[in-house]
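**Student:** Need a 3D model of the sequence below.
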Amino acid sequence: MQRLFKLPRRGLLALWLVIVALAVSVPQRSSGAAAPTATPTNQGIIAFVSDDTGLPQILTMEPDGGKSVSALTNGKAPDRGPANTSPIWSPDGQLLAFVACGKDSTTDCYMYVMNNDGSAVKQITTTAEEYGGISWSPDGKTLVFAARFDPGGAPNIFTVPSDGSAKPTQLGTDALEGWWPSWSPDGSQIAYQAIGGSQTTINVIDADGTNSKMLTNEAAIDLDPVWSPDGKSIAFVRNKANKYAVWVMDADGQNPHQLTPLAIDPNPQTDTPIRLPALAWSPDSQFIVFNTHKTRKWELDRVNVSKPTDVRRFIIGSAEAFSPTWTTASE
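**Tutor:** Got it, this is the predicted structure:
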């Protein structure tokens, strides 16, 4: 079976300067020297990952294309790993959960939570494992995540208090195999990427891990489901023959449709053509920002959900950016 999880791996001069400054322990800010294409939804903050330095680190920018870029992690602090990935905002935008791993490792990884300015980093999990997605409960008290404790084994889904006050608890049974969970805004369901045999589908379960239901059932690999903030839709990535696109469907699985043109994997020797997590909704549920590699570097585009032909670049340049998460709150 094809391995479906790979740790996620732009650029104004300002972004490059910030990334170079990652060796400094205090987050840095830089003003943009060029004017990237703006998105109409220009509120809040987007966190994302860049690995231009060779080690993935978490940065933030304003949704207008990066007037202000901040480095939240630098890979030097002792309370996190040198490689920091998979950021996800809390519902109120005050906290950011993420995964930190040892250098060149996908299994020596732990989950952390920090303030939205990069301070007060707190380790949440204590057992090294391979992660595939984190999502917050709507009340911000619980994190759901997918992990594989046994290398080569099946991934399962777990919950843990977001303050780290208790150990993780497996959600459902071992038969609930999957990655990239996403909690519904009303708290009642969790969407996830279910694996089994040669098929990968988007499923939903009740928040207690029961009542699994398949939402997609195509001859494709469906990845990385993300619930829209208004709870009406689920976006996901569909991969067919190493070509991928962003799709969206109603929350009950009806009306699935392709939003972005098919993109060809420029690095077909890799085991997945898309850096995961790959996409995030705007807070008003009108846009999706997603990974793209029209060049050989990963960049961020956004698509208008009601007008799929409206696809625009967030940051233009040479630096890499992927794995976005968007919040309404300001730092």
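
**Student:** separation between Trp89 and Ser285?
**Tutor:** 15 Å (Cβ to Cβ, to the nearest Å). Glycine gets a C-beta too; all of them are placed from N, C-alpha and C.

**Student:** Compare these two (neighbour count), which wins?
**Tutor:** In this view Trp89 and Ser285 are compared by other Cβ atoms under 10 Å, and Trp89 has more residues nearby, 24 against 18.

**Student:** Leaving out the residues flanking it, which one is nearest to the more buried one?
**Tutor:** Using Cβ to Cβ, 6 or more residues apart in numbering and skipping residues adjacent in sequence, the residue nearest Trp89 is Thr327, 3.9 Å away.

**Student:** From Leu279, how far off is the one you found?
**Tutor:** Between Thr327 and Leu279 the computed distance is 15 Å (Cβ to Cβ).

**Student:** More neighbours: which of the two?
**Tutor:** Remark: of Thr327 and Leu279, Leu279 carries more neighbours, 29 against 26, as counted by other Cβ under 10 Å.

**Student:** Does that one touch Val226 like I think?
**Tutor:** Yes - counting by Cβ atoms under 8 Å, Leu279 sits close enough to Val226 to count as a contact (5.8 Å).

**Student:** so what sits against both of those two?
**Tutor:** Ala235 (Cβ atoms under 8 Å, 6 or more residues apart in numbering).

**Student:** and Tyr131, helix, strand or coil?
**Tutor:** Each residue gets one of three states, and Tyr131 gets strand by DSSP: H, G, I helix; E, B strand; the rest coil.

**Student:** So it sits against Ile88, correct?
**Tutor:** No - applying Cβ under 8 Å as the test, Tyr131 and Ile88 come out as separate, 11.2 Å apart.

**Student:** what ranges do the helices span in the stretch 51-200 of the chain?
**Tutor:** Taking DSSP state H, counting those that start in this stretch as the test, none of the stretch 51-200 of the chain falls into helices.

**Student:** okay, now the closest residue to Cys101 other than its chain neighbours: neighbour count?
**Tutor:** The spatially closest residue to Cys101, leaving aside those adjacent along the chain, is Cys109, at 4.0 Å (Cβ to Cβ, 6+ apart). Other residues within reach of Cys109, judged by other Cβ under 10 Å, total 22.

**Student:** Quick check: bridge partners of Cys109?
**Tutor:** With beta bridges defined as DSSP bridges, Cys109 has these partners: Cys101, Glu129.

**Student:** so who does it touch?
**Tutor:** Listed by Cβ under 8 Å, 6+ apart, the contact partners of Cys109 are Leu7, Gly81, Val99, Ala100, Cys101, Gly102, Ala128, Glu129, Glu130, Tyr131.

**Student:** Of the residues you listed, select the buried ones using a ChimeraX command.
**Tutor:** In ChimeraX, this line selects whichever of the contacts of Cys109 come out buried by 16 or more other Cβ atoms under 10 Å:
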select :7,81,99,100,101,129,130,131
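
**Student:** what's the closest of the contacts of Cys109 to His293?
**Tutor:** Compare each of the contacts of Cys109 with His293 using Cβ to Cβ and the shortest gap goes to Leu7, at 16.3 Å.

**Student:** before we move on, the earlier item: could the contacts of Cys109 go into JSON lines alongside pLDDT and distance to Asn291?
**Tutor:** What follows is the contacts of Cys109, written out as JSON lines (pLDDT from 0 to 100; distance: Cβ to Cβ, whole Å):
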{"residue": "Leu7", "pLDDT": "35", "distance to Asn291": "13"}
{"residue": "Gly81", "pLDDT": "83", "distance to Asn291": "22"}
{"residue": "Val99", "pLDDT": "96", "distance to Asn291": "17"}
{"residue": "Ala100", "pLDDT": "95", "distance to Asn291": "20"}
{"residue": "Cys101", "pLDDT": "93", "distance to Asn291": "19"}
{"residue": "Gly102", "pLDDT": "89", "distance to Asn291": "24"}
{"residue": "Ala128", "pLDDT": "89", "distance to Asn291": "26"}
{"residue": "Glu129", "pLDDT": "90", "distance to Asn291": "24"}
{"residue": "Glu130", "pLDDT": "91", "distance to Asn291": "20"}
{"residue": "Tyr131", "pLDDT": "93", "distance to Asn291": "17"}
